[in-house]
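J.: can you look at this prediction? I've put the sequence above it.
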Amino acid sequence: MGMNAMLSIADLQKAAKRRLPAGIYGYVDGASEDHRTLRANRSAFERWAFTPHALVDVSRRSQSTGLFGKTWSMPIGIGPMGVCGVVAYDGDCALARAAASAGVPFVLSAASTTPMERVLRENPDAWYQAYLPANMAVIEPLLQRVRAAGVGVLVVTVDVPIASTRENELRNGFSIPLRWTPKLVVSGMLKPGWLLGTFARTLARQGIPHFENFTAERGGPIIVAQKGDHRAGRAAMSWKEIRAIRDSWKGKLVVKGILRAEDARTAESIGVDGVFVSNHGGRQLDGAVSTLAVLPEIAAATTRAAVIVDGGFRRGTDVIKAMALGADFVFAGRPFMYGLAAGGEAGARHALNLLKKEIDVDLALLGCPDLAEVDGRYLRDMRAAAA
Ligand code: FNR
């Protein structure tokens, strides 16, 4: 089915499910424990309804949005996601190129299988997301590598002190490092498009994928137990390391995984440039609050740092609601993995195009032709209305 038949992110999700082995689709789509936070991220949008302005001239519309000294074509970027290479051939670079051609930010995950130096050649504006141990002797050489690669924005993810419990991955026999469980082998055989287009092509052209970007050194292959544990020391991470990173990293610094206003204030007082409101798409603490629920108080608590948010954004209207509630920029994860699975770079680009088109239509219908002007006056709190 061609991309033009994919009318929404939900269509891309269905196509991804058809294309991927069950274990890999489960890795992309799943979340921790009972999926409460995954659902909360989506249902939080229902609280807010639009109050559109009538008879505003909307013949010219703008959604370009500035962040960290650059103007992006739309207010939503591609967030960091690990092991994109198991979803599509050369997945990290496919996402990086889709973002570059659309004019939106792309964040390369620490858990990626393409050396950051190559990704930065494909997309010189790419950001890098780090998973860090509480050990400056490991962090410093990594920061040097990231700087030398040309990265301008460093995103430190702080909501994965240890791995969460993702039962669907255990049930499907999916794990990283990948193990050849019978379930994984059988589910791979059932998906010939993936088997040939992703798996065989990757082995033939690039060999066995390796983690390349956890530390200053290249990592081990992702299908056998690794030498050394890249997770070692991560649970001990504290604000002390963020302070030390701030002292040594001269580029923009973003802390991803903030859900409390007081943490946003701490980040800002340390000199962090961006507070990234995230619950990891419901993949870490299940039962954690939805990001949209805490966005207004975090936006109110910050003055200088940019407020970035992700979690459950699937429509243009979702993005506009977050911008109206105080976000400076929005990211998403799964929508671009669905696109990547369904159609590689073109599929990821299609996901971006769909969202851009929706935002454009929605701004016109809202009677707010300039996204920069959207604010809380365009929203009605339906929970307060019902009370
Ligand atoms: C993620 N996420 C993530 N975050 C991060 O900081 N480093 C990572 O390596 C990953 N890996 C990852 C893999 C996959 C398959 C998914 C779906 C997500 C979390 C991601 O950056 C983002 O916070 C969520 O995906 C946002 O929620 P939505 O847009 O997927 O609903």
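T.: All right, it came through fine.

J.: can you report phi and psi for Ala149?
T.: Main-chain torsions, Ala149, degrees, to the nearest 10: phi -70, psi -10.

J.: which residues are in contact with it?
T.: Met116, Glu117, Leu120, Tyr128 (CB atoms under 8 Å, 6 or more residues apart in numbering). To be clear about C-beta, it is placed using only N, CA and C from the backbone, and glycine gets the same treatment.

J.: in the stretch 201-350 of the chain, which spans are helices?
T.: 201-206, 239-248, 261-270, 291-301, 316-324, 334-366 (DSSP state H, counting those that start in this stretch).

J.: any idea which of those helices gets closest to the ligand?
T.: The ligand lies closest to helix 334-366 among the helices of the stretch 201-350 of the chain, at 3.5 Å (CB to the nearest ligand atom).

J.: and the closest one with the ligand, contact?
T.: Yes. Residues of helix 334-366 contacting the ligand under CB under 6 Å from any ligand atom: Arg334, Met337.

J.: ok, back up a step: filter the contacts of Ala149 to the buried ones?
T.: Met116, Leu120, Tyr128 (16 or more other CB atoms under 10 Å).

J.: ok, now which ones touch the last one?
T.: In this structure, Tyr128 makes contact with Val107, Leu108, Ala110, Met116, Val146, Ala149, Val151, Val153, Leu154, Val155, Asn213, judged by CB under 8 Å, 6+ apart.

J.: so what's the residue count around the second one?
T.: Per other CB atoms under 10 Å, the neighbour tally for Leu108 reads 30.

J.: so it touches Ala130, yeah?
T.: No. If you go by CB atoms under 8 Å, Leu108 and Ala130 don't touch, sitting 10.0 Å apart.

J.: between the buried ones among the contacts of Ala149, which is closest to Glu345?
T.: Of all the buried ones among the contacts of Ala149, Glu345 sits closest to Leu120, with 16.8 Å by CB to CB.

J.: does that closest one count as helix, strand or coil?
T.: helix (DSSP: H, G, I helix; E, B strand; the rest coil).

J.: look up the closest residue to Arg47, ignoring the ones flanking it.
T.: Ranked by CB to CB, 6 or more residues apart in numbering and with sequence neighbours excluded, the top spatial neighbour of Arg47 is Arg383, at 5.0 Å.

J.: quick check: the gap between the one you found and the ligand.
T.: 22 Å (CB to the nearest ligand atom, to the nearest Å).

J.: how about that residue, phi and psi?
T.: phi -70, psi -40.

J.: hmm, back to that, quick check: which of the helices of the stretch 201-350 of the chain is nearest to Leu67?
T.: Comparing the helices of the stretch 201-350 of the chain by CB to CB, helix 316-324 comes nearest, at 11.9 Å.

J.: who are the packing partners of the closest one?
T.: strand 48-50, helix 291-301, strand 329-332, helix 334-366 (3 or more CB pairs under 8 Å, 6 or more residues apart in numbering; DSSP states H and E).

J.: tally of neighbours for the residue nearest to Thr291 when sequence neighbours are not counted?
T.: Nearest-residue entry for Thr291: Gly311, 4.0 Å, with adjacent residues in sequence omitted and distances by CB to CB, 6+ apart. Look at Gly311: counted by other CB under 10 Å, it has 28 neighbours.
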